[in-house]
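structure for this input, please:
(one chain, ligands or ions: 1)
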Amino acid sequence: MKRLLQLNRLHGAQNYSPLPVVLKRGRGVHLYDVHDKQYYDFLSSYSSVNQGHCHPRLVKAMQEQCEKLTLCSRAFHSENLCNFFEYMNKTFGYDKCLPMNTGVEASETSVKLARLWGYKAKKIPQNKAEIVVARQNFWGRSIAACSSSSDPSCYTNFGPYVPGFHFVDFNNLEELESLFQKHPHIAAFMVEPIQGEAGIKIPELGYLQRAKSLCEKYNVLLICDEVQTGIGRTGQMLASEGVGADMVVLGKALSGGMMPISCVLANNHVMDLIDPGTHGSTFGGNPLATAIAPEAVEIIRVENLLKNARIQGERFRKELTPFVDSGALKDVRGVGLLNAIEFEKPRDAEKLVETCMEKGLLTKVTRDGTIRMCPPLTISDFEMEQSLDIIKEGIEEVSE
Ligand SMILES: Cc1ncc(COP(=O)(O)O)c(C=O)c1O
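Numbers count the residues shown, from 1 in each chain. Take a look at the predicted model:
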């Protein structure tokens, strides 16, 4: 293990600071290191492995498809992509789907679509379209994503920045409305239903619905970035279900952790504005990823993982709330299996992560003493019980 860590340090760009554990396989809710030590995975690759590691149905789909066709580019039609389009639109209720690979690409695509709509439909003068984002958002690492980030570690030293972004506080509709009033060239408001990287920040009930009403009032599109919240994580297939967002961005768990795939879902009034040759990606919508994605979504449905996410998530919060009452934790919060625990002192959060690793549970600090607790949605009663035992023991040790 030491040798592998050294290889990483010597030869890899140091743009991450992983825990000192080297993994070699995963199955269901478990990961295994190079010494075959078993861990519960309470990060799920930032909510990409909602279906559990190496789900047999996804392994089969991947194996079968990679013997047939993996890539043919968008210069031609592919059978799987055509079927994927139909599947996505029937499942999520939008007219059209635009596939990409990573979350940041799909989010950036939604920004491009919003600007396009701004010029072609809202008649904003050329190069004047603006997008509103929430402070503490996270949508990736591209230059546009850095430009619309309020986090110095995301944007510092990466300027000059892409213009045309406005910031509002998450969960603040007055500020949103006053921006809409002041700036007639706003094309879209882009927001996560729950801010994941910010430390699982949950808005007031009805926030998204009211944001949507404001968007309608001021002729602005609502983009819900569901890259982290989507595909069952919150106990609903989409956290923005029923809101009627103009665009929904999906990624991460759409892949089942197998083959990167992301997409933007939108209705015709937006998506029909795009012309051939104005946007795309060599790998976007490839036959391999589009064979896997519908299977990844079906697993959530047929294995009742929405219900399981709700049940296990509630149990998680209920069993850890006494630590808030006792003062050991500052907060326990979440929706479905998108949960976090927060310590008063950031160092205690780091200590708990280290202790959990030793005891066989992996997760990570997001920020400000907050630890994300997001196991695969397949976690059983027994597995949750064992995991909670580890976490509780860890909290007790940390607060001793
Ligand atoms: C809400 C949200 N949007 C977009 C992204 C970017 O996804 P990716 O890392 O696949 O580019 C993330 C990644 O964590 C995310 O949480």
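
give me the number of residues near the residue nearest to His53 when sequence neighbours are not counted?
Of all residues not flanking His53 in the chain, Gly26 sits nearest, at 3.1 Å (Cβ to Cβ, 6 or more residues apart in numbering). (Glycine included, C-beta is placed from N, CA and C.) Gly26: 18 surrounding residues under other Cβ atoms under 10 Å.

ramachandran coordinates for Gly26?
When read as degrees, to the nearest 10, the backbone of Gly26 gives phi -150, psi 150.

need the residues of the protein near the ligand, please.
Counting by Cβ under 6 Å from any ligand atom, the positions of the chain adjacent to the ligand are 46, 102-104, 107, 138-140, 192, 196-197, 225, 227-228, 251.

now, which of those lie within helices?
If you go by DSSP state H, the residues of the chain next to the ligand have 46, 103-104, 107 in helices.

now the stretch 1-150 of the chain against the ligand: closest residue?
Residue nearest to the ligand within the stretch 1-150 of the chain (Cβ to the nearest ligand atom): Gly103, separated by 2.2 Å.

that residue touches Ser262, doesn't it?
Yes: in this structure, Gly103 sits in contact with Ser262. The criterion is Cβ atoms under 8 Å, and the distance is 5.4 Å.

joint contacts of those two?
Taking Cβ atoms under 8 Å, 6 or more residues apart in numbering as the contact rule, Gly103 and Ser262 both touch 227, 249, 251-252.

select from those every entry located in strands.
Val249 (DSSP state E).

can I get the shared contacts of Gly103 and Ser262 in a markdown table with neighbour count?
As requested, these are exported to a markdown table (neighbours: other Cβ atoms under 10 Å):
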| residue | neighbour count |
| --- | --- |
| Val227 | 28 |
| Val249 | 30 |
| Gly251 | 29 |
| Lys252 | 27 |
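
tell me which of the shared contacts of Gly103 and Ser262 is nearest to Ala144?
When the shared contacts of Gly103 and Ser262 are compared for distance to Ala144 (Cβ to Cβ), Val249 wins out at 13.3 Å.

pLDDT wise, what is the closest one at?
Predicted confidence (pLDDT) at Val249: the value is 98.

residues contacting it?
103, 106-107, 109-110, 223-227, 262-265.

for it, list each beta-bridge partner.
The residues listed as beta-bridge partners of Val249 by DSSP bridges are Asp225, Val264.

which residue is nearest the middle of the chain?
Centroid check for the chain by Cα atoms, centre = their mean gives Gln228 as the closest residue, at 1.5 Å.

count of neighbours near the nearest residue to that residue once chain neighbours are set aside?
With sequence-adjacent residues excluded and distances taken as Cβ to Cβ, 6+ apart, Gln228 is closest to Gly196, at 3.9 Å. Gly196 is flanked by 24 other residues according to other Cβ under 10 Å.

cool, and the one 5 residues further on?
The number of residues packed around Lys201, counting by other Cβ under 10 Å, is 17.

what about it, distance to the ligand?
Between Lys201 and the ligand the computed distance is 12 Å (Cβ to the nearest ligand atom, to the nearest Å).

so what's that residue bridging to?
According to DSSP bridges, Gln195 are recorded as the beta-bridge partners of Lys201.

ok, residues contacting the longest helix seen in the chain?
Residue-count comparison of every helix in the chain, with assignments taken from DSSP H, identifies helix 305-325 as the longest. Contacts of helix 305-325 from elsewhere in the structure, counted by Cβ under 8 Å, 6+ apart, are 50-51, 232-237, 299-300, 329-339, 341, 373, 375, 377-379, 381, 384, 388, 391-392, 395, 399.

quick one, which of these are buried?
For the contacts of helix 305-325, a burial check counting by 16 or more other Cβ atoms under 10 Å picks out 50-51, 232-237, 299-300, 329-339, 341, 373, 375, 377-379, 384, 388, 391, 395, 399.

in helices only, show me the residues you listed.
In helices, judged by DSSP H, the following of the buried ones among the contacts of helix 305-325 are found: 299-300, 384, 388, 391, 395.

export those as TSV, with columns for pLDDT.
Conversion of these to TSV gives the following (pLDDT from 0 to 100):
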residue	pLDDT
Ile299	98
Ile300	98
Met384	98
Leu388	98
Ile391	98
Ile395	97
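
can I get those residues in TSV including distance to Tyr87?
As requested, these are exported to TSV (distance: Cβ to Cβ, whole Å):
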residue	distance to Tyr87
Ile299	13
Ile300	13
Met384	31
Leu388	36
Ile391	37
Ile395	42
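
closest one of these to the ligand?
Proximity of those to the ligand, judged by Cβ to the nearest ligand atom, is greatest for Ile300, which lies at 18.1 Å.

so who does the closest one touch?
For Ile300, the contacting residues are 50-51, 231-232, 237, 253, 306, 377, taking Cβ under 8 Å, 6+ apart as the criterion.
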